[in-house]
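S.K.: Coordinates for the following, if possible.
(one chain, ligands or ions: 1)
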Amino acid sequence: MNNIEHTKIPQATAKRLPLYYRFINNLYNQGKTRVSSKELSEAVKVDSATIRRDFSYFGALGKKGYGYNVDHLLTFFRETLSQDEVTKVTLIGVGNLGTAFLNYNFTKNNNTKIEIAFDTTPEKVETNIGGVPVYHINQLEEKIGEDISVAILTVPAQAAQPIADRLVKAGIQGILNFTPARITVREHVRVHHIDLSVELQALVYFLKHYPLYENNEAE
Ligand code: ATP
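M.R.: Below is the predicted model of the structure:
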């Protein structure tokens, strides 16, 4: 089941992969060898029909009365999510949010690591936060290594686009944009946009207007 054409996996399914992976990994660590779609469904809060459909894209077909083989699933998720290789990340903008990310540094995912950070504030430049060296943004092109493929943007909104342009030129393939600015990049670069205040407002809106909304996932 490893020769999957990943472009055929719908994006909504792909987004659930890390969720499945985390749960399957826990089961594996507990010594479990199989899991039913019902168990999975309750744990990850995705309905079991969706789980069965998602898993069929991975070529994983559960057997009636048996469920899914944990070992097989884990191997598949590890390979698909590149758990065996570390993706190196840079962070731009060591403010409140950026500093929190540097200290957190995704230590629970052992496959992503912030290696280098950039800022403009002289007091922050040439420091080390959470084990990550911080350099002046003027040194971006000089310091960023070819092995860094992802950037986290936690700069003020007005700085986002010019920095994104420089990152793309420097060979970055993916940007996790925490600024409210909508940035445009060349086609082959992927931007995921996370606006925390919009997410919070959306949650409050849903609580007010859909108090009994059953599906946890507002898609
Ligand atoms: P946060 O928004 O993360 O809570 P903050 O309120 O401390 O942070 P912001 O003004 O949002 O500060 O700036 C975030 C960080 O981005 C700051 O540390 C600032 O020095 C840095 N910054 C501002 N402009 C640039 C730039 N052009 N390049 C790199 N870093 C920048």
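
S.K.: Tell me how many other residues surround residue 33.
M.R.: 10 (other Cβ atoms under 10 Å). Placement of C-beta: from N, CA and C, glycine included.

S.K.: Quick check: it vs residue 42, distance?
M.R.: Distance of residue 33 to residue 42, given as Cβ to Cβ, to the nearest Å: 19 Å.

S.K.: Contact residues of the chain facing the ligand?
M.R.: When proximity is defined by Cβ under 6 Å from any ligand atom, the chain lies next to the ligand at 92-98, 118-121, 137, 154-156, 159, 163.

S.K.: Keep only those of those that are in helices.
M.R.: Judged by DSSP state H, the subset of those located in helices is 96, 97, 98, 159, 163.

S.K.: In CSV, list those along with neighbour count and pLDDT.
M.R.: Shown next, in CSV, are these (neighbours: other Cβ atoms under 10 Å; pLDDT from 0 to 100):
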residue, neighbour count, pLDDT
96, 9, 97
97, 16, 97
98, 25, 98
159, 16, 98
163, 21, 98
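
S.K.: contacting residues around the helix or strand residue 142 falls within?
M.R.: Secondary structure assigned from DSSP states H and E places residue 142 in helix 140-143. Helix 140-143 is contacted from outside by 92, 116, 118, 135, 163, 166, 167, 169, 170, using Cβ atoms under 8 Å, 6 or more residues apart in numbering.

S.K.: In the protein, which helix is the longest?
M.R.: Max-length helix for the chain by DSSP H is helix 11-29.

S.K.: State the mean pLDDT of the helix or strand following that helix.
M.R.: Remark: after helix 11-29, the chain's next helix or strand is strand 34-35, criterion DSSP H and E. Strand 34-35 shows a mean pLDDT of 91.

S.K.: Direction included, what does strand 34-35 pair against?
M.R.: Using DSSP bridges, strand 34-35 pairs in its sheet with strand 68-69 (antiparallel).

S.K.: average pLDDT for the next helix or strand after the partner strand?
M.R.: Tracing the chain C-terminally past strand 68-69 and defining elements by DSSP H and E, one meets helix 70-80 next. For helix 70-80, the mean per-residue pLDDT is 86.

S.K.: Pull out the buried positions in stretch 75-91.
M.R.: By neighbour count with 16 or more other Cβ atoms under 10 Å, stretch 75-91 contains the buried residues 76, 77, 80, 81, 87, 88, 89, 90, 91.
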